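S.K.: Below is the structure, and that's it, no one-letter string:
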């Protein structure tokens, strides 16, 4: 029992020997800071704090880490040290692009499995490198396929349930050069996954379970940082349905990959795992292209209304959030006054220092009134982020 506990502690320590973990943490901080800068550039205020964005990714990552580790350990999936190194290299390649949209188990895992299948038999002057090469060339492709499938399912669950929780509102230029609103679903999750590693460890195979290659092999544990990212700029609809659609794409990818991997075992065809990895990689790249297509071809959702102001974002916990105003809605009147600019909006808000009454039109064109009490702790902007009308921008620039 003490040996197993010691192996678990060494597994935790292995996380801190992997450079991918540190690069993912650095990336998490950098992308969170970049997100805040973009929001300030668009609205002169941040919708979410940098550390809020970072800390909200921790709980989903740990939940998926526990579930994924339980699945992999119960299935007896084992990866030799050389394959863990190759998977880490796959992640290093994706991070060299500096594009969050490529941070995916489909990309890193797909590249690693393809590389393992065609890896040449070479010798180096390093005994450790030669051992890693031997591990890669003798790797069990069914275990690799199961690891890839688990990673794809984890990615689907993270994106589907948490991908749109804190989408970032932005102002961008349309194809004709005018300002329109948009939301960017931008998140990084670092999922810690426990893996069995064939070695002289205290964990022994229980029997001829098909996922473990050798019955007599003993195992130790390693903790692998599975990086999952989403960077989806949404211009054609609200963020939640767009991200849910992305999640559905990822689920279909995971299921098709799982079928190919599952067939590889009874048919004794590792080539099917290679096809599954290539399919997952191509599907993820196709998803990136599809997001680009939507931005270019679909009409914009957050456009300047004929009258009033378009709400692009609402800061959580603000007065605007408490009284139920949602992104995409139009603000027509404030405290009985027509408004067509932020200047007029906040001037009308000052007529009632302790109470506000805002006439809003929802996405279906139905008017309703949002009412609320203004507290002393409320920010003077009450948390609404608007698409400023172009004619008002030109007018203020002329006055200046």
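M.R.: Looks like it came in fine. None of these values were measured; they are calculated from a predicted model. Residues are numbered from 1 along each chain as shown.
S.K.: and the longest helix along the chain, what does it pack onto?
M.R.: Across the chain, the longest stretch assigned as helix under DSSP state H is helix 270-297. Under the contact criterion of 3 or more Cβ pairs under 8 Å, 6 or more residues apart in numbering; DSSP states H and E, helix 270-297 touches helix 105-117, helix 141-162, strand 218-234, helix 239-264. The way it works is simple: take the backbone N, C-alpha and C, and place the C-beta from them, glycine included.
S.K.: the inter-axis angle of the strand or helix carrying residue 89 versus helix 105-117?
M.R.: Using DSSP states H and E, residue 89 maps to helix 81-96. The directions of helix 81-96 and helix 105-117 differ by 130 degrees, with axes from the mean of the first three to the mean of the last three Cα atoms, to 10 degrees as the criterion.
S.K.: what comes up buried for helix 81-96?
M.R.: Judged by neighbour count using 16 or more other Cβ atoms under 10 Å, the buried positions of helix 81-96 are 81-88, 90-91, 94-95.
S.K.: if we can go back for a sec, C-terminal to the longest helix of the chain, what's the next element?
M.R.: Secondary structure here is assigned by DSSP H and E; on that basis, the next helix or strand after helix 270-297 toward the C-terminus is strand 309-314.
S.K.: Identify all contacting residues around that following strand.
M.R.: Here strand 309-314 makes contact (Cβ atoms under 8 Å, 6 or more residues apart in numbering) with 43, 47, 169-171, 181-183, 302-304, 320-321, 325-331, 339-342, 345, 383-387, 389.
S.K.: got it, and stretch 138-151?
M.R.: When contacts are taken as Cβ under 8 Å, 6+ apart, the neighbours of stretch 138-151 outside the stretch itself are 68, 71-72, 75, 77-80, 82-83, 105-106, 109-110, 112-113, 116-117, 193, 195, 210-211, 213, 226, 228, 254, 257-258, 260-261, 264-265, 270, 273-274, 276-277, 280.
S.K.: gap between the strand of greatest length in the chain and the chain center?
M.R.: Longest strand in the chain by number of residues, with DSSP state E as the criterion: strand 179-204. Using Cα atoms, centre = their mean, to the nearest Å, the mean C-alpha position of strand 179-204 is found 10 Å from that of the whole chain.
S.K.: shaky segments in the protein?
M.R.: Across the chain, the stretches falling below the confidence threshold (pLDDT under 70) are 1, 3-4, 200-217, 376-381, 390-400.
S.K.: Helices of the stretch 301-400 of the chain, start to end?
M.R.: 319-322, 342-349, 390-399 (DSSP state H, counting those that start in this stretch).
S.K.: Show me what the first one is packed against.
M.R.: Judged by 3+ Cβ pairs under 8 Å, 6+ apart, the packing partners of helix 319-322 are strand 309-314.
S.K.: Next, the angle from the strand it packs on to helix 239-264.
M.R.: Per the same axes, to 10 degrees, the angle that strand 309-314 makes with helix 239-264 is 50 degrees.
S.K.: Can you give the strand pairings for strand 309-314, parallel or anti for each?
M.R.: Strands adjacent to strand 309-314 in the sheet, as given by DSSP bridges, are strand 330-334 (antiparallel), strand 384-387 (antiparallel).
S.K.: Only the buried members of the contacts of stretch 138-151: can you turn that into a ChimeraX selection?
M.R.: For anyone working in ChimeraX, the buried entries among these, judged by 16+ other Cβ under 10 Å, can be selected with:
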select :68,71,72,75,77,78,79,80,82,83,105,106,109,110,112,113,116,117,193,195,211,213,226,228,254,257,258,260,261,264,265,270,273,274,276,277,280
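S.K.: With distance to residue 188 added, can I get the helices and strands packed on helix 270-297 in TSV?
M.R.: Supplementary listing: the helices and strands packed on helix 270-297 in TSV, determined by distance: least, Cβ to Cβ, whole Å:
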stretch	distance to residue 188
helix 105-117	13
helix 141-162	10
strand 218-234	5
helix 239-264	15
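S.K.: Nearest to residue 187 among the ones you listed would be which one?
M.R.: Judged by Cβ to Cβ, the one of those that comes nearest to residue 187 is strand 218-234, at 5.2 Å.
S.K.: Any buried residues in that closest one, and which?
M.R.: Buried residues in strand 218-234, defined by neighbour count with 16+ other Cβ under 10 Å: 219-234.
S.K.: so it versus strand 179-204, what angle?
M.R.: 170 degrees.
S.K.: Can you check what angle separates strand 218-234 from helix 270-297?
M.R.: Using the same axes, to 10 degrees: strand 218-234 against helix 270-297 is 20 degrees.
S.K.: Against which helices or strands is strand 218-234 packed?
M.R.: Under the contact definition 3+ Cβ pairs under 8 Å, 6+ apart, strand 218-234 sits against helix 2-15, helix 19-43, helix 81-96, helix 105-117, helix 141-162, strand 179-204, helix 239-264, helix 270-297.
S.K.: if you set the cut-off to 7 Å instead, what comes out?
M.R.: Taking 3 or more Cβ pairs under 7 Å, 6 or more residues apart in numbering; DSSP states H and E as the contact definition, the neighbouring helices and strands of strand 218-234 are helix 2-15, helix 19-43, helix 81-96, helix 141-162, strand 179-204, helix 239-264.
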